[in-house]
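Novice: Have a look; sequence and predicted model below, questions after that.
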Amino acid sequence: MMGWWGMLAPSRTSRRVIGLRNREVRAVLDVAEVRRNLVDQGMDPAGGTPEQFGDLIKSDMDKWGDIGKRLGVKLD
């Protein structure tokens with residue numbers, strides 16, 4: 001299993017705002033000191049498009065949701 005961190009916004013957020021935030025976060029991830037700090041913590045910093053992140057979320061929900069159902073996992 002691979003864990004990840006990301007930023008989400010309400011569905012009504014404009015594409016312009018999403019694009020701006022995405023560019024800002026990717027720029028921060030390109031700062032050598034930030035990247036080095038994250039790598040030192042065992043992370044693999046990777047920026048991408050909002051669509052790629054949405055695909056990752058959907059893929060993980062499909063995969064782990066199915067496994068959870070088969071195992072009878074219940075949320076408290």
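Specialist: Thanks, I have it. Residues are numbered from 1 along each chain as shown.

Novice: I'd guessed Phe53 sits against Ile18; true?
Specialist: No. Assessed by C-beta atoms under 8 Å, Phe53 is found out of contact with Ile18, at 10.2 Å. Every residue, glycine included, has its C-beta placed from N, CA and C.

Novice: which regions of this structure lie under the pLDDT threshold?
Specialist: Scanning the chain for pLDDT under 70 picks out 1.

Novice: And the helices in it?
Specialist: Defined through DSSP state H, the helices belonging to the chain, from first to last, are 15-29, 32-40, 50-71.

Novice: where does Ala9 fall, phi/psi-wise?
Specialist: The phi and psi torsions at Ala9 (degrees, to the nearest 10) take the values phi -140, psi 160.

Novice: I should have written Val31 there, sorry.
Specialist: Geometry field for Val31 lists phi and psi as phi -70, psi 120, criterion degrees, to the nearest 10.

Novice: Right, I'll call it a day here.
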